[in-house]
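Undergrad: Structure of the sequence below:
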Amino acid sequence: MGIQVSHPIYVSGVGTSFNRELNIVEKRIATVQDYELTGGVRRIRYGENQININFSKPFEKKLESRQVM
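TA: Numbering: from 1, shown residues only. Have a look, this model is predicted:
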């Protein structure tokens, strides 16, 4: 189930997988993705995925409860 997000959501590093030590290669990739004209692509994708996951969970629970009846 994929939900199309109409407005990108940028996720900062605090409390996410982005708030960890990066090796030299990861650091360069992160710099390019986050600052050099790409609009924080990896953080926007992460935000979109989190929205999709958190919106789909209640629907899945509702479906499961209806199937049990």
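Undergrad: so how far is Thr31 from Glu60?
TA: 37 Å (CB to CB, to the nearest Å). Placement of C-beta: from N, CA and C, glycine included.
Undergrad: So Asp21, which state does it fall into?
TA: Quick fix: residue 21 reads Glu, not Asp. The three-state assignment at Glu21 reads coil, by DSSP: H, G, I helix; E, B strand; the rest coil.
Undergrad: OK, contacts around it?
TA: Residues counted as contacts of Glu21 (CB atoms under 8 Å, 6 or more residues apart in numbering): none.
Undergrad: Give me the pLDDT value at it.
TA: Predicted confidence (pLDDT) for Glu21: 80.
Undergrad: now swap in Lys61 and tell me
TA: For Lys61, pLDDT reads 85.
Undergrad: That one: which element?
TA: Secondary structure from DSSP states H and E places Lys61 in helix 41-68.
Undergrad: Can you list the buried residues in that helix?
TA: 42-44, 46-48 (16 or more other CB atoms under 10 Å).
Undergrad: So which elements touch that helix?
TA: helix 24-35 (3 or more CB pairs under 8 Å, 6 or more residues apart in numbering; DSSP states H and E).
Undergrad: How many neighbouring residues does Gly40 have?
TA: Gly40 has 18 neighbouring residues, counting by other CB atoms under 10 Å.
Undergrad: cool, and Thr31?
TA: Neighbour tally, Thr31, other CB under 10 Å: 11.
Undergrad: Quick check: it vs Asn23, distance?
TA: In terms of CB to CB, Thr31 sits 13 Å off from Asn23.
Undergrad: For Leu22, grab phi and psi.
TA: Here is the backbone geometry of Leu22 (degrees, to the nearest 10): phi -110, psi 140.
Undergrad: shouldn't it be in contact with Ala30?
TA: Yes. Counting by CB atoms under 8 Å, Ala30 is a contact partner of Leu22 at 5.9 Å.
Undergrad: Neighbour count: those two, which is higher?
TA: Set side by side, Leu22 and Ala30 show more neighbours around Ala30, with 16 against 12, by other CB under 10 Å.
Undergrad: From Gln50, how far off is the more buried one?
TA: For Ala30, the distance to Gln50 equals 18 Å [CB to CB].
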